[in-house]
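Participant: turn this into a model:
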Amino acid sequence: MDRILYTASNGAARILEQQSAISNNMANVSTTGFRAQLAQYRSVPVVPHAGELPTRVSTVAATPGSRFAQGAMVDTGHALDAAIAGEGWFAVQTPEGEAYTRAGEFGVNQENQLVTQTGLPVLSNDGGPIEVPERGSITFATDGQISALGAGDNPRDIQLLGQLKLVNPPKDQLQRGDDGLFRLAGGQPAQADEAVRIAPGFVEKSNVNPAEAMVAMIANARQFELQMQVIKNASTNAERGNSILSAAG
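Facilitator: Okay, the predicted model is just below:
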């Protein structure tokens, strides 16, 4: 079999991998706090055998990580909504340990704990879940301090529930999990960063650029068609070569 088939099929496989990442970005255009995944591929020369010319080029996948630019801030006015103002992350508890997200659409579960939209407990500075008084009114401060006023309580009896754990680890140490959350590469919890600030009553939208993603999908589709055409041409040439050899025999 002509080695060009392997070269072209390898290129087609890398294109499909990138297309999968772009499709995932498109699917999360409306996901609060989503960070666009960067998946690329690059060309590399194929090392020839002795006596062969270096005429072939293959491709390898290169995934540099995620785009961490801030998404658009939307004023919701909801008391349980908060967005990171600038760099930083909210800390949440998962079955696999501590993880980080930019999604600040919070709620209260049946155990009166502050949770994410997927039900994960939001962590406080002491590493534990945040208890919310039943039917209490929650207020976030820009530094993550949480205060609450119980139903029917005097405004002077406001309670301090704690402080959101806000972290800002180096971006090159963060890894995206299959659940879309980020974790430190070593798995250890990050230290709280007092410099991180939040915007109460706001949420941060996805930082995916829909137009850019659509253009990338179209470009990838065209590249895939070219790879398929190369495979088709190689197959046709092989059939013609076999016919010539059969006739000569």
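
Participant: report the residue ranges of every domain in the protein.
Facilitator: Domain segmentation of the chain under automatic domain parsing yields 3-68+208-248, 73-204.

Participant: okay, those domains, which one's buried deepest?
Facilitator: The highest average neighbour count among the domains of the chain, using mean count of other CB atoms under 10 Å, belongs to domain 73-204 at a mean of 17. The way it works is simple: take the backbone N, C-alpha and C, and place the C-beta from them, glycine included.

Participant: for that domain, the averaged confidence score.
Facilitator: Here domain 73-204 scores 92 as its mean pLDDT.

Participant: gap between the two ends of it?
Facilitator: 5 Å (CA to CA, to the nearest Å).

Participant: need the nearest residue in space to the residue nearest the centre of the chain, chain neighbours excluded.
Facilitator: For the chain, residue 35 is the residue whose C-alpha lies nearest the centre (CA atoms, centre = their mean; 4.4 Å). Of all residues not flanking residue 35 in the chain, residue 66 sits nearest, at 4.4 Å (CB to CB, 6 or more residues apart in numbering).

Participant: same for whichever helix in the chain runs longest, what does it pack against?
Facilitator: Longest helix of the chain, by residue count under DSSP state H: helix 210-248. Secondary-structure packing of helix 210-248 (3 or more CB pairs under 8 Å, 6 or more residues apart in numbering; DSSP states H and E): helix 3-27.

Participant: who does the helix or strand immediately after the helix it packs on in the chain pair up with?
Facilitator: Scanning forward in sequence from helix 3-27 by DSSP states H and E, the next helix or strand is strand 37-45. Paired strands of strand 37-45, with direction, are strand 57-66 (antiparallel) (DSSP bridges).

Participant: helix, strand, or coil at residue 143?
Facilitator: coil (DSSP: H, G, I helix; E, B strand; the rest coil).

Participant: dihedrals phi and psi, it?
Facilitator: When read as degrees, to the nearest 10, the backbone of residue 143 gives phi -90, psi 10.

Participant: if we ignore the residues flanking it in sequence, what's nearest it?
Facilitator: Nearest to residue 143 is residue 197, by CB to CB, 6+ apart, at 6.5 Å.

Participant: ok, now residue 119?
Facilitator: residue 109 (6.4 Å).

Participant: wait, residue 89 sits on residue 100?
Facilitator: Yes - using CB atoms under 8 Å, residue 89 makes contact with residue 100 at a distance of 3.7 Å.

Participant: chain center to the longest helix of the chain: distance?
Facilitator: From the chain centre to the centre of helix 210-248 is a distance of 32 Å (CA atoms, centre = their mean, to the nearest Å).

Participant: tell me the mean pLDDT for that helix?
Facilitator: 82.

Participant: relative to strand 37-45, how tilted is it?
Facilitator: 30 degrees (axes from the mean of the first three to the mean of the last three CA atoms, to 10 degrees).
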